[in-house]
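*Asks:* I would like to see how this sequence folds:
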Amino acid sequence: MIAIPLPSIPSFIYKDINFVGNIYILYCITNREIIKFGNLLFLNKN
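*Replies:* From the prediction side, this is the model:
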């Protein structure tokens, strides 16, 4: 994730935003892997 410092936002709030963004990216990646795994199981079932 590319961090672009915004002067108008206090740094402690900005850190929280960045933290949440990173968790969201991790969630998206793991979600995609789970979906892929689920598709494999589904294909094997049929």
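*Asks:* what ranges of the protein fall below the confidence cut-off?
*Replies:* Applying pLDDT under 70 to the chain flags residues 1-14, 42-46.
*Asks:* try it again with 80
*Replies:* For the chain, residues meeting the criterion pLDDT under 80 lie at 1-29, 31, 34-46.
*Asks:* Output the residue ranges of the helices in it, listed in chain order.
*Replies:* All helices of the chain, identified by DSSP state H, fall at 11-45.
*Asks:* Number of residues surrounding residue 18?
*Replies:* By other CB atoms under 10 Å, 14 other residues sit near residue 18. The way it works is simple: take the backbone N, C-alpha and C, and place the C-beta from them, glycine included.
*Asks:* ok, it to residue 24 distance?
*Replies:* Relative to residue 24, residue 18 is positioned 11 Å away (criterion: CB to CB, to the nearest Å).
*Asks:* How about residue 31?
*Replies:* Residue 31 sits 10 Å away from residue 24, going by CB to CB.
*Asks:* got it, and residue 34?
*Replies:* From residue 34 across to residue 24, the span is 15 Å (CB to CB).
*Asks:* now do residue 30
*Replies:* Residue 30 sits 11 Å away from residue 24, going by CB to CB.
*Asks:* cool, residue 15 as well?
*Replies:* Counting by CB to CB, the gap from residue 15 to residue 24 is 15 Å.
*Asks:* ditto for residue 37
*Replies:* Distance, residue 37 to residue 24, by CB to CB: 20 Å.
*Asks:* do residue 16 as well
*Replies:* From residue 16 to residue 24 the distance is 13 Å (CB to CB).
*Asks:* And for residue 36?
*Replies:* 19 Å.
*Asks:* swap in residue 39?
*Replies:* 23 Å.
*Asks:* Same question for residue 35.
*Replies:* Counting by CB to CB, the gap from residue 35 to residue 24 is 16 Å.
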